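Visitor: Generate a structure from the sequence data that follows.
(one chain, ligands or ions: 1)
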Amino acid sequence: MGRKKIVTTVEQVSDVDDGVLLPDYNQPPPPTPFIGGSVIPIVNKLQDIFASLGKDQQEQLSKLKLPQVAVVGGQSSGKSSVLEALVRRDFLPRGCDICTRCPLVLQLENRPSLPGDEDDGLEWGEFRHLPGRKFYDFSEICREIQVETEREAGLNKGVSDKEIRLKVSSPNVLNITLIDLPGITKVPVGDQPNDIEARIREIINSYIRQETCIILAVTPANSDLATSDALKMAREVDPAGSRTIGVITKLDIMDRGTDARKFLLGTIIPLRLGYVGVINRSQEDINKNRSIASALAYEEQFFRDNPVYNGLKNSCGIQHLARKLNQVLEQHIRVVLPNLRKELNNQFVTVAKEGHALGEVMESKTEQGAILLNILTKYCEAFSAMVDGKSENLSTTELSGGARIHYIFQSIFVKSLEEVDPCDEVTDENIRIAIQNATGPRNALFVPEVPFEILVRRQISRLLDPSLQCLQHVYEELIKMSHDCEPEEVKRFPRLRRQLEDVTLKFLHDGSKPAERMITNMIEMEMGYINSSHPNFIGGKRALEIAVEHVRASQDGRDVQSNASEMGQMSQSNPSRSDIGAFPNQAGQPQSNGERTASIGNSTTRTWGISSIFGSRLTSGETSSSREPGKTMHDINQAPSIIHLTEPPSLLRPLERGTEYQTEIIVMKLLLQSYYDIVRKNVQDLVPKAIMHFLVNDIRRDLLGIFIKKLYRESLFEELLWEHDDDVLKRKQTGEMFLILQQAIQTLDKVVADVSSTTPSSDTNDASILPRFH
Ligand SMILES: Nc1nc2c(ncn2[C@@H]2O[C@H](COP(=O)(O)OP(=O)(O)OP(=O)(O)O)[C@@H](O)[C@H]2O)c(=O)[nH]1
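Guide: Numbers count the residues shown, from 1 in each chain. So this is what the prediction gives:
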């Protein structure tokens, strides 16, 4: 590895130039302006810091858009040569054919002299794809660029967008990042695809479209500036021309009699930041290994000796290009720093939040215990708050937590019970059969209580299902809440999370059992004793009065015949709760007494049933005297032969429908309705209370105790607080990132302070037109 001391004097130039210098060139190289001061080294430092970040972070941090300079131009226009002259080192592949086939990101770092340091005074390059390997020999750097280019873009003139990153550390370079880009070409050659022009333009655009990119638009002086692709592309992304510097190369090989004065003055295409004309080494110079130092000397002499360029001092020569760049860069940095700081800060806050979410590392049992207890307490507090409606994250768009339980009780459970008609599943026929079954072989003298109790119990039993469903709904709601109130910290401990879930589920399940028992008992109690003395119960007497009233009212207002058929229909239908007033009309008796006798027995004894526990059943339109007792006798007289009875079918139903027990049916429905209402109200009131008591309040009160009993054990700490390896790694990386960003912010703050205290350089007479990047 050849280590070269840097070149600073004429003697040294001669030393290293192998005697190839022409006499005219034997001049001291002009001093390269040193830019950046304390600002750019720190920016480069930040870039180094970012480069050391993980890929994801790097992508995010790429938004920081640090100032950089990209060289754009047609193929072989002299882009690499300009960069080399700015760097003052031979290290880029150059030639008449396509050379730059991948973007080369060149980060120049000015390294102050450190006496005693083994690298003091030396310069070296380091590739990102070969970290830790310092290249002291720049011809090796050139070779490595070629090798890497061939690896990325192939051997035959192909082009790739994969960038090669090279950091050059030297006491003798500008602190700046330069990007050498493939030259714009039109006709595909070698392995180049047909759309090579579009591809190269896209690669170039991906760099120069960034607002923080300063564009060096390179055009050879021996071509037509008006058709310069470089200037055209630059104008597309920078129409205001606030970050484009025009560079005119090859002034030395213009046609005799022509010059670039008009170009440099901007009279052909005006450019806000102006043009700089430069003279790089020709192919012959390269072949003869002519040094940059001697080329710079030649360049200076060229401009000095050409009177046409007199008066254009600030637009001629590499050193002026460097100075112009410095000013643009300094101004740029001054403007972008606040945004850079803001973005870095945002990144820092994000990483800090991530770090917070990933939690602290727990070293000791005490720390583990504290974390566990904290999580358990938080969980239970969040749960209580959610049930009580005191949660911090109360939704304003939908019901949540305790409000949902209230909704289940009131809008689902209570409302559904309200809507149930206790008579909707009890037909007149059911009632009639129940009455007949209750009287046994006799005809009913009284309407017995038994059918009422059977029917009302049947209706009460229907309340059990919705009550248990209500319990189920609340149970499920609580499970949902238990998920919603998981503290953020618990996410890092999957096993603890599962345990919390299991314990809560079991607790809820255990709590639902007594609630279920309570509800079942409640319904059974209601079924076990029908309290006909309940003060709100309508009672038989009152029900009968209403029924008789109804029958009478409907009889008065209707024709007997027409009512007969109507009544048949109505008595089959169930009066809904709102139809209580529309009971079947008793007036019509379409069936003959004979028919009735055949179906349910002796008509004379039937009339005894008019009296009942509810009072007299005697109805208008149907009295014992109004019937035709003689008809049966007559029938018997007419049939002296043996009467054959038909066999009773296995399933017996009264044949007569619609006319028997009309008043009793109405009475029965009134009683059912009245008693059901009493029970319904009890159930509506007590079921939510049972659920709250046994399930909701219990979990609120006892969950923390259960957690502590089951989970807060030192022997379980390790297991419960186990984390995925990925999370451990992520926390480590986040911690490192946190420190890196913290350091970057401190550095940047120092830069901000430094930059604010410096005024724009007065090194140039056109400082007033320096761009203010926005
Ligand atoms: N005489 C003279 N020759 C130059 C000048 N600038 C560049 N050249 C020559 O032009 C050729 C191309 O130069 P490069 O620097 O490789 O051009 P490039 O634009 O980087 O080329 P690609 O990356 O392949 O597009 C080389 O042979 C250089 O020696 C100049 O100012 N004067």
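Visitor: Residue of the chain closest to the ligand, please.
Guide: Relative to the ligand, the nearest point of the chain is Gly183 (2.6 Å; C-beta to the nearest ligand atom). C-beta coordinates here come from the backbone N, C-alpha and C atoms, glycine included.
Visitor: In space, what's closest to that residue - neighbours in sequence excluded?
Guide: Gln75 (3.3 Å; C-beta to C-beta, 6 or more residues apart in numbering).
Visitor: I figured that neighbour hits Val187, correct?
Guide: No. With contact defined as C-beta atoms under 8 Å, Gln75 does not reach Val187; the gap is 10.0 Å.
Visitor: Those two - which one has more neighbours?
Guide: Per other C-beta atoms under 10 Å, whichever of Gln75 and Val187 has more neighbours is Gln75, with 18 against 8.
Visitor: Distance check, the more buried one against Val82.
Guide: 14 Å (C-beta to C-beta, to the nearest Å).
Visitor: ditto for Phe135
Guide: Distance from Phe135 to Val82, by C-beta to C-beta: 22 Å.
Visitor: Have a look at the two and say which one is more surrounded.
Guide: Val82 (24 against 21).
Visitor: What is the burial count for Leu464?
Guide: Residues within reach of Leu464, counting by other C-beta under 10 Å, total 18.
Visitor: Report the contact partners of it.
Guide: Leu464 sits next to 519-520, 523 when contact means C-beta atoms under 8 Å, 6 or more residues apart in numbering.
Visitor: gap between it and Asp685?
Guide: For Leu464, the distance to Asp685 - C-beta to C-beta - is 16 Å.
Visitor: near the ligand, which residues of the stretch 1-150 of the chain show up?
Guide: For the stretch 1-150 of the chain, the residues in contact with the ligand (C-beta under 6 Å from any ligand atom) are 73, 75-81, 94-96, 98-100.
Visitor: at 8 Å instead, please
Guide: 71, 73-84, 92-101 (C-beta under 8 Å from any ligand atom).
Visitor: and these, which are buried?
Guide: Restricting those to buried positions leaves 71, 73-84, 92-94, 98-101, with burial counted as 16 or more other C-beta atoms under 10 Å.
Visitor: Stretch 223-234 near the ligand anywhere?
Guide: No. Stretch 223-234 is not in contact with the ligand by C-beta under 8 Å from any ligand atom; minimum separation 9.7 Å.
Visitor: Report the buried residues of that stretch.
Guide: Neighbour-count burial for stretch 223-234 [16+ other C-beta under 10 Å]: 223, 225, 228-231, 233-234.
Visitor: Return stretch 537-555 as PDB; C-alpha atoms alone will do.
Guide: Below are the C-alpha coordinates for stretch 537-555, written out as PDB (Å, rounded to 0.1, in the frame of the first residue of the first chain):
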ATOM      1  CA  PHE A 537    -102.300  -8.400  40.900                       C
ATOM      2  CA  ILE A 538    -105.600  -7.700  39.200                       C
ATOM      3  CA  GLY A 539    -107.400 -10.500  41.100                       C
ATOM      4  CA  GLY A 540    -110.200 -12.800  39.900                       C
ATOM      5  CA  LYS A 541    -113.100 -10.500  40.800                       C
ATOM      6  CA  ARG A 542    -111.800  -7.500  39.000                       C
ATOM      7  CA  ALA A 543    -110.800  -9.600  36.000                       C
ATOM      8  CA  LEU A 544    -114.300 -11.100  35.800                       C
ATOM      9  CA  GLU A 545    -115.900  -7.700  36.000                       C
ATOM     10  CA  ILE A 546    -113.800  -6.400  33.100                       C
ATOM     11  CA  ALA A 547    -114.500  -9.500  31.100                       C
ATOM     12  CA  VAL A 548    -118.200  -9.400  31.600                       C
ATOM     13  CA  GLU A 549    -118.200  -5.700  30.800                       C
ATOM     14  CA  HIS A 550    -116.400  -6.400  27.600                       C
ATOM     15  CA  VAL A 551    -118.600  -9.200  26.600                       C
ATOM     16  CA  ARG A 552    -121.700  -7.100  27.300                       C
ATOM     17  CA  ALA A 553    -120.300  -4.100  25.500                       C
ATOM     18  CA  SER A 554    -119.500  -6.100  22.400                       C
ATOM     19  CA  GLN A 555    -122.800  -8.000  22.500                       C
END
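Visitor: Now do the buried residues in that stretch.
Guide: 537-540, 542-548, 550-552, 554-555.
Visitor: when you check the ligand, which of those turn up near it?
Guide: Within the buried residues of stretch 537-555, nothing lies near the ligand by C-beta under 8 Å from any ligand atom.
Visitor: In this structure Ala543 contacts Leu672, no?
Guide: No. Ala543 is beyond contact range of Leu672, at 9.7 Å (criterion: C-beta under 8 Å).
Visitor: so what sits against both of those two?
Guide: Between them, Ala543 and Leu672 share no contacting residue, judged by C-beta under 8 Å, 6+ apart.
Visitor: Do I have it right that Glu714 meets Lys365?
Guide: Yes. At 6.0 Å, Glu714 counts as touching Lys365 under the criterion of C-beta under 8 Å.
Visitor: quick one: pLDDT of Phe302?
Guide: On pLDDT, Phe302 comes in at 92.
Visitor: just checking, it is part of a helix?
Guide: Yes. Under DSSP: H, G, I helix; E, B strand; the rest coil, Phe302 sits within a helix.
Visitor: Let me see the contact set for it.
Guide: Here Phe302 is in contact with 251-252, 279 (C-beta under 8 Å, 6+ apart).
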